[in-house]
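Colleague: Let's see this in three dimensions:
(one chain, ligands or ions: 1)
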Amino acid sequence: MTNIEFVYFDLDDTLLDHKYAEKQALQEMVVAHSALFNHAAFEVVLKRYSGINHEIWHQYSLGKLSKDGAKVGRFTQLLEACQSPGIDQAAVLAQEYLDRYASHWVAIEGAIEAFVRTAYQLPVGILTNGFSEVQRSKLLQFPELGKHSKTIIISEDIGHLKPSPILFEHARAQAGLEPDRILYVGDSLSSDVEGGTAAGWKVAWYSDQDSDHPDVWSFTDWNDFSQRIFPGR
Ligand SMILES: [Mg+2]
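Modeller: Coordinates of the predicted model:
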């Protein structure tokens, strides 16, 4: 790829398998606290949680919810949706979820290797939405990411979430480059693809969908990513 001078990577579901850890954590909780979830099937709980969590993050991104309000509120709403006999347990479950979630972090196949390979050629950084302490814990567990990153930007520290143009502008200034010299690698259409292109960045979309935007290309295999940005190497 020509003209790219800095590569930012998204963390969740791009480099690390967030969805896997989320699913494992919830599955363990449904088994451990079946009565609290009113004996609902795991697939039902997961589907409810996904919908609730999506909306909670949206409210949090708009500043309508505090961090603790988001963390606990998603479990209050989940227990309500299950007609739980123990809605007062939401705060306990919220913490238990985060602990279990943290025990299941794994890298997406080939992602760390591609990240490091990229870092040997170009300056790289991490640009991620999420709670600071959670995202920093992930970086501690995968030290290659922090070791090779010139900048690490977590939305909570800046006070704006992707796709906020303020967050992308902050990241651009940290890179010290014009926007069209930056490549963003991420999985989310709304946060990463639309946020990145609106900021004038190039985007590598970790997805099996195609984009018709001229500055976006898709990939589903990290070996293909490396080939695409460093052909012939
Ligand atoms: Mg992501």
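Colleague: Can you identify the element that follows the longest helix along the chain toward the C-terminus?
Modeller: If you go by DSSP state H, the chain has its longest helix at helix 42-61. Tracing the chain C-terminally past helix 42-61 and defining elements by DSSP states H and E, one meets helix 67-81 next.
Colleague: got the buried residues for whichever helix or strand comes after that next one?
Modeller: Counting by DSSP H and E, the element after helix 67-81 in chain order, helix or strand, is helix 90-102. For helix 90-102, the neighbour count (16 or more other CB atoms under 10 Å) marks 90, 93, 94, 96, 97, 100, 101 as buried. (C-beta placed from N, C-alpha, C; glycine too.)
Colleague: Test my guess that the second one contacts residue 29.
Modeller: Yes: contact status for residue 93 versus residue 29: in contact at 6.7 Å, counting by CB atoms under 8 Å.
Colleague: just to revisit the earlier point, do the longest helix of the chain and the ion meet at all?
Modeller: No: Helix 42-61 lies apart from the ion when judged by CB under 5 Å from the ion; the minimum separation is 11.6 Å.
Colleague: now do stretch 12-32
Modeller: Yes: with CB under 5 Å from the ion as the criterion, the ion is reached by stretch 12-32 at 12, 13.
Colleague: List of residues touching that stretch?
Modeller: 9, 11, 37, 40, 42, 45-46, 49, 93, 96-97, 100-108, 111-112, 115, 128-130, 138, 142, 145, 185-188, 192, 206 (CB atoms under 8 Å, 6 or more residues apart in numbering).
Colleague: Dump the buried residues of helix 90-102 into JSON lines; add distance to the ion as well.
Modeller: Shown next, in JSON lines, are those (distance: CB to the ion, whole Å):
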{"residue": "90", "distance to the ion": "26"}
{"residue": "93", "distance to the ion": "24"}
{"residue": "94", "distance to the ion": "21"}
{"residue": "96", "distance to the ion": "24"}
{"residue": "97", "distance to the ion": "19"}
{"residue": "100", "distance to the ion": "20"}
{"residue": "101", "distance to the ion": "15"}
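Colleague: what about residue 134, distance to residue 196?
Modeller: According to CB to CB, to the nearest Å, residue 134 stands 23 Å off from residue 196.
Colleague: out of the two, which sits in the busier spot?
Modeller: Neighbours per residue, other CB atoms under 10 Å: of residue 134 and residue 196, the larger number sits with residue 196, 31 against 17.
Colleague: mind listing what the more buried one touches?
Modeller: Taking CB under 8 Å, 6+ apart as the test, what residue 196 contacts is 163, 168, 184, 186, 202, 203.
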